[in-house]
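Chemist: fold the following and give me the result.
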Amino acid sequence: MTPLFCSYFKRKEMDSVLNCLMTDSIGPGDLTEKFVKTAREKIGFEAGMAFRSPYSAMVAALQQLGLAEGSKIGLSPLAPLYHLLAIRNSGYIPCFIDYSLETCLPIFESLASQGCSAFLCFEPFGMLADKAQLADCSIPVIEDITQALGARKGEQMAGDCGEFVVYGTENTSIVNTGGGALLFTRNRKNAPIVRAIADKTPAELILSDYNAALGLAQFKEMEQAQLRREELETRFQLSLARTRHKTFKQEAEGKSGLYAFPIILESGMNEVLVHARKNGIECSAAFDTGIISHESFPDDECPQAHAMARRTVLFPLHQRISAQEASIIEKVIATLP
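Modeler: Purely as a prediction, here's the structure:
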């Protein structure tokens, strides 16, 4: 969380939280229901609910697939660590699927070759997997759109591919609740399943009104936030075009998830990080919290994903970046070593 974001959080979202604290209920209640309803209107889904953590949402989705214990589940090594924990703790066997360094998309051939019974589809930076290719795999898909909210590829929107969809409302998301996740479906057939999950889930696992108040405040300005992020992304792309480095591009004239600005480096990562920090810009390795960065992940597995993790850095793309700060970031990108 950047200092700039913290400043905005204290000024505006805290008003919503303080109003919530003045009520009798801080646990799941009216604000949580309103948050889910607002999310349904803004994102578009048949049924949904809000969990206190993405891990809980992922476990709930996995439990609905009806797979035998010991079934193989495909997942991205670039995904956050809780994906791996959710699969293992649900009694399934994780199978890592390599991702293309050129497109940041999964290499689907390994799903079939490893005998996967389902795929947990992580979409870094909103680079959307092809819906037709996923359908050809003939296995159920859980789609994680935490970095893909609002992304599109042709007619395909983020969340169109999964029987169940998870959106983590963590502190780096465009819409965040200070921790939590939405579990939803766009499939009418699966809508009663999601409603049944909501009815059976203990209150201790459901997002609280306290957190929902934050999300509601951010949903109100989601469109403005996305427009500002699009503007910044365009400016940063122009600066990047002056260098030997590149970024990921959505296919079919689509748009990214505007989560951050990724750069695939042709030089060493450390010197780029140092160069940015010398100019007052905090950037980071793109997948330093991903499964692939965990010390037990094999060096010889998923070679393209390994290359991506070694070469991709993230620059900030937050809507509260000022004109002066944006200019500094542009200059830093244009002069990357």
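Chemist: low-confidence ranges in the stretch 1-150 of the chain?
Modeler: Across the stretch 1-150 of the chain, the ranges flagged by pLDDT under 70 are 1-28.
Chemist: now the strands for it?
Modeler: Applying DSSP state E, counting those that start in this stretch to the stretch 1-150 of the chain gives strands spanning 47-51, 72-75, 93-96, 118-122, 141-144.
Chemist: nearest to K220, out of those?
Modeler: Closest approach to K220 among the strands of the stretch 1-150 of the chain (CB to CB): strand 47-51, 16.8 Å. In this view, the C-beta of every residue, glycine as well, is placed from N, C-alpha and C.
Chemist: quick one on the thing from earlier: save the strands of the stretch 1-150 of the chain as JSON lines, and put in mean neighbour count too.
Modeler: Shown next, in JSON lines, are the strands of the stretch 1-150 of the chain (neighbours: other CB atoms under 10 Å):
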{"stretch": "strand 47-51", "mean neighbour count": "24"}
{"stretch": "strand 72-75", "mean neighbour count": "23"}
{"stretch": "strand 93-96", "mean neighbour count": "18"}
{"stretch": "strand 118-122", "mean neighbour count": "25"}
{"stretch": "strand 141-144", "mean neighbour count": "25"}
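Chemist: just the helices in the stretch 51-200 of the chain please.
Modeler: Assigned by DSSP state H, counting those that start in this stretch, the stretch 51-200 of the chain shows helices spanning 54-63, 81-89, 109-113, 131-136, 191-200.
Chemist: and the angle from the last one to helix 54-63?
Modeler: What that stands for is helix 191-200. Orientation check (axes from the mean of the first three to the mean of the last three CA atoms, to 10 degrees): helix 191-200 against helix 54-63 gives 130 degrees.
Chemist: and the next element down the chain from helix 191-200?
Modeler: Counting by DSSP states H and E, the element after helix 191-200 in chain order, helix or strand, is helix 209-219.
Chemist: would a markdown table of the strands of the stretch 1-150 of the chain with distance to A135 be doable?
Modeler: Shown next, in a markdown table, are the strands of the stretch 1-150 of the chain (distance: least, CB to CB, whole Å):
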| stretch | distance to A135 |
| --- | --- |
| strand 47-51 | 22 |
| strand 72-75 | 15 |
| strand 93-96 | 19 |
| strand 118-122 | 11 |
| strand 141-144 | 9 |
